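Student: Next come a sequence and a model predicted from it.
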Amino acid sequence: MKAPLFLVLCSISVASFAQRDWNHIDTEGIISKDSIKKKGYTILFINKDSGFSTVTKQRMIDTYFKVYPKEAKRFNKKTMKMVTFIIDPGYDGVAAAGGGVVRVNPKWMASHPEDLDVVTHESMHIVQSYPHGAGPGWLTEGIADYVRYVFGVNNEAGKWSLPKYDQAHHYTNSYRITARFLVWAEKNFNKKLVNKLDNAMRTKTYKPEIWQELTGKTLDELWGEYAKNPVI
Ligand SMILES: [Zn+2]
């Protein structure tokens, strides 16, 4: 099994975790631990926050079962069959994933209870399991937000949407800005674009020329076209 070796940090805050500590689950402070299996996929949900909403917990679990099998089916059937979610007051970002473990900051979910597609985005990082040096980080995050856009279950209520194109944008901006560009490029040039990019990243065969191979245009040419007519 390919071990995802690196941590994808999904917020600007710097996690206080050393990478080696990410997968270590300290049993101290565990309020509840649920292992649920459905159709071959398991979630281990560990809650370390005594005030965490049981409704949010259930909705996050439901989201996992709705989206993770779809992400696996479309992108990586060999992905891990079990994902551990930890509601972790010790994690000060929003959420991040690595090595089959997703840590979520309870404060974020308490203040953004509709943002259930944090699960969709982070689960995709498990599916991605890109090795070190796979390719640009902006593409990793862009693909995860593309997947949130395509497979998200509660984006509207979570007030999450792709931002309108703006002249100040650039594909390296990552996240939603890159996701929107991917939606546009896929629609206009190659229906398999995101699948191919994702696979290239996972197999460490990504190279800048891949854009030309898949679309007939270099990445910068493609962005130039996008800037001229960014309708999606
Ligand atoms: Zn991310």
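Tutor: Structure's in. What do you need?

Student: Helices along the chain, start to end?
Tutor: Remark: helices assigned in the chain by DSSP state H are 54-75, 106-111, 118-128, 137-151, 175-188, 193-202, 210-215, 219-228.

Student: could I get the ones you listed as JSON lines with mean neighbour count, mean pLDDT and distance to the ion?
Tutor: From N, CA and C alone the C-beta is placed, and that goes for glycine too. Output for those, formatted as JSON lines (neighbours: other Cβ atoms under 10 Å; pLDDT from 0 to 100; distance: least, Cβ to the ion, whole Å):
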{"stretch": "helix 54-75", "mean neighbour count": "17", "mean pLDDT": "98", "distance to the ion": "13"}
{"stretch": "helix 106-111", "mean neighbour count": "16", "mean pLDDT": "98", "distance to the ion": "13"}
{"stretch": "helix 118-128", "mean neighbour count": "27", "mean pLDDT": "97", "distance to the ion": "5"}
{"stretch": "helix 137-151", "mean neighbour count": "23", "mean pLDDT": "98", "distance to the ion": "5"}
{"stretch": "helix 175-188", "mean neighbour count": "21", "mean pLDDT": "98", "distance to the ion": "7"}
{"stretch": "helix 193-202", "mean neighbour count": "20", "mean pLDDT": "98", "distance to the ion": "13"}
{"stretch": "helix 210-215", "mean neighbour count": "17", "mean pLDDT": "98", "distance to the ion": "21"}
{"stretch": "helix 219-228", "mean neighbour count": "15", "mean pLDDT": "98", "distance to the ion": "21"}
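
Student: So for the closest residue to W223 other than its chain neighbours, what's the pLDDT?
Tutor: Distance criterion Cβ to Cβ, 6 or more residues apart in numbering; nearest residue to W223, sequence neighbours excluded, is Y171 at 5.4 Å. Reading off the confidence values, Y171 has pLDDT 98.

Student: Now for Y171: which residues touch it?
Tutor: Neighbouring residues of Y171 by Cβ atoms under 8 Å, 6 or more residues apart in numbering: W138, G142, I177, T178, F181, L219, W223.

Student: could you list every residue that touches the third one?
Tutor: So that's I177. For I177, the contact set (Cβ under 8 Å, 6+ apart) comprises G142, P163, H169, H170, Y171.

Student: Quick check: K48 vs the ion, distance?
Tutor: Using Cβ to the ion, to the nearest Å, one gets 21 Å for the distance from K48 to the ion.

Student: Could you find the closest non-adjacent residue to that residue?
Tutor: K48's closest residue in space is G29 (Cβ to Cβ, 6+ apart), at 4.7 Å.

Student: The one you found: neighbour count?
Tutor: By the measure other Cβ atoms under 10 Å, the count of residues near G29 is 13.

Student: do D92 as well
Tutor: Neighbourhood size, D92 [other Cβ under 10 Å]: 15.

Student: Does it touch P106 like I think?
Tutor: No. Contact criterion Cβ atoms under 8 Å: D92 and P106 do not qualify, at 11.0 Å.

Student: Of all the helices of the chain, which one comes closest to A97?
Tutor: helix 118-128 (3.8 Å; Cβ to Cβ).

Student: Tell me which other helices or strands that closest one touches.
Tutor: Contacts defined by 3 or more Cβ pairs under 8 Å, 6 or more residues apart in numbering; DSSP states H and E place helix 118-128 against helix 54-75, strand 82-87, strand 95-98, strand 101-104, helix 137-151, helix 193-202.

Student: I'd like these as a markdown table, with distance to W22 appended.
Tutor: Putting the helices and strands packed on helix 118-128 into a markdown table (distance: least, Cβ to Cβ, whole Å) gives the following:
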| stretch | distance to W22 |
| --- | --- |
| helix 54-75 | 19 |
| strand 82-87 | 10 |
| strand 95-98 | 5 |
| strand 101-104 | 6 |
| helix 137-151 | 16 |
| helix 193-202 | 20 |
